[in-house]
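1. Got a sequence here, can you model it:
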Amino acid sequence: MIKSLLSKALLLIPFISHHALAEPIVWKIYDNHRQFYVLGSIHAGEKEMFPLPQAFLSQWKKADALVVEANILQHNAPTTQNNKPPYTQETLNNEQLEKLKTIAESLSLPYKLLTSQPPWLTATYLQLTLAKQLNLSTDQGIDYVLLKRAEEQHIPIKSLESVEYQLSLLQNLPHNGNGMLVETIDHWQQTKASLQCLVDVWKQGDSEKFTTLFNDTQYDPETNEALIFARNRHWAETLTQSPDYQSGRFMVVVGAFHLIGEQGLPALMKQAGFTVERITKGTTAKCEDWETISQSSS
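-> Residues are numbered from 1 along each chain as shown. Presented below is the predicted three-dimensional model:
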């Protein structure tokens, strides 16, 4: 959610056409008046994730707008200052604090700074730093690259929500996001393996493993509802009912986990009467480390 090293040359890479052996999942969601081409984003990526599927790129040339969660290119982004308690040092028990200290050392993050932050922000720092350690960059995230390209080509950009709203979601999580942090540190090895696996699963378009990953990396029900399911319902309602989307061709790019299952955006759009088709083919991704850890913890 919370998103420069990416060169102009790399910004062109997604738009070079060639056939891949396997492709990330692209959905076509449509009725008689409008078409949505939906691609799941990983917000921190790598150059091997490009070029994007031809099924998506061929429609990009005819798009009326790019639709994203929030336009992260906009200036005057909100800061995380003036956060309210309780802070991490108050919400974790001694055993969890020791785990956090060990993780912080492995990521070269200042432990005292982490404990003085609200839990949701501590969890965010851990996850973003882990992504960087795994050579994933927010500047190569799918949404960032496509936003830059749309900006350069003067393609209209529509946002389903604001960056300010996303920050307020985190700031108002139950127990200040402690469930998000506890899940992260209590299952740290699985978190690392899941992130590595996620990139491979995305590239291969492995829908079965995507669903398993999604189910295995859930937070507590209240946090899941706030960060994923409630937003999915709001986005489906917006795309279905807003005057902005009553006709045209739209390229929709939202977090990949928002597209999974009966509460995912494609399923909700189908319930609203749209025709939903997957227009890319995938293969089985190999995630041996993640599978080993998942089996041992089950």
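2. So which residues of the chain form strands?
-> Along the chain, counting by DSSP state E, strands occupy 26-30, 34-41, 65-68, 157-159, 248-255, 275-278.
3. Can you lay out these as a markdown table showing distance to Leu114 and mean pLDDT?
-> Backbone N, C-alpha and C define where each C-beta goes, glycine included. Formatted as a markdown table, the strands of the chain follow (distance: least, C-beta to C-beta, whole Å; pLDDT from 0 to 100):
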| stretch | distance to Leu114 | mean pLDDT |
| --- | --- | --- |
| strand 26-30 | 38 | 98 |
| strand 34-41 | 27 | 97 |
| strand 65-68 | 30 | 98 |
| strand 157-159 | 30 | 98 |
| strand 248-255 | 24 | 98 |
| strand 275-278 | 40 | 98 |
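4. Lowest mean pLDDT among the helices and strands, pick that one out for this structure.
-> One helix or strand of the chain scores below all others by mean pLDDT, DSSP states H and E: helix 8-12, with a mean of 32.
5. ok so, going back, between the strands of the chain, which one is closest to Ile185.
-> strand 248-255 (21.9 Å; C-beta to C-beta).
6. Report the contact partners of Asp31.
-> Contact partners of Asp31, counting by C-beta atoms under 8 Å, 6 or more residues apart in numbering, are 273-275.
7. do that again at 6 Å, thanks
-> Phe274 (C-beta atoms under 6 Å, 6 or more residues apart in numbering).
8. now it: how far from Leu52?
-> Distance from Asp31 to Leu52, counting by C-beta to C-beta, to the nearest Å: 25 Å.
9. what's the answer for Gln74, then?
-> Distance, Gln74 to Leu52, using C-beta to C-beta: 23 Å.
10. Those two - which one has more neighbours?
-> Each of Gln74 and Leu52 has its neighbours counted (other C-beta atoms under 10 Å); Leu52 has more, 23 against 12.
11. State the phi and psi torsions of the more buried one.
-> When quoted as degrees, to the nearest 10, the phi and psi of Leu52 stand at phi -80, psi 160.
12. The residue lying closest to Ala131 once chain neighbours are set aside: neighbour count?
-> Spatial nearest neighbour of Ala131, excluding adjacent residues (C-beta to C-beta, 6 or more residues apart in numbering): Ala44 at 4.1 Å. As a burial measure, Ala44 scores 24 neighbours (other C-beta under 10 Å).
13. separation between Ala44 and Gln140?
-> 7 Å.
14. Quick check: Val253 touching His43?
-> No - taking contacts as C-beta atoms under 6 Å, Val253 lies outside contact range of His43: 10.3 Å.
15. between these two, which one's more packed in?
-> When Val253 and His43 are compared for neighbours, Val253 comes out ahead with 24 against 20, by other C-beta under 10 Å.
16. Walk me through the regions of this protein where pLDDT falls short of the threshold, as ranges.
-> Applying pLDDT under 70 to the chain flags the ranges 1-22, 75-82, 297-298.
17. run the last query once more with 50
-> Low-confidence segments of the chain (pLDDT under 50): 1-20.
18. For it, which residue occupies the most central location?
-> When C-alpha atoms, centre = their mean is applied to the chain, the residue found nearest the centroid is Gly255 (3.2 Å).
19. what about Glu291, how many neighbours?
-> Glu291 has 14 nearby residues by other C-beta under 10 Å.
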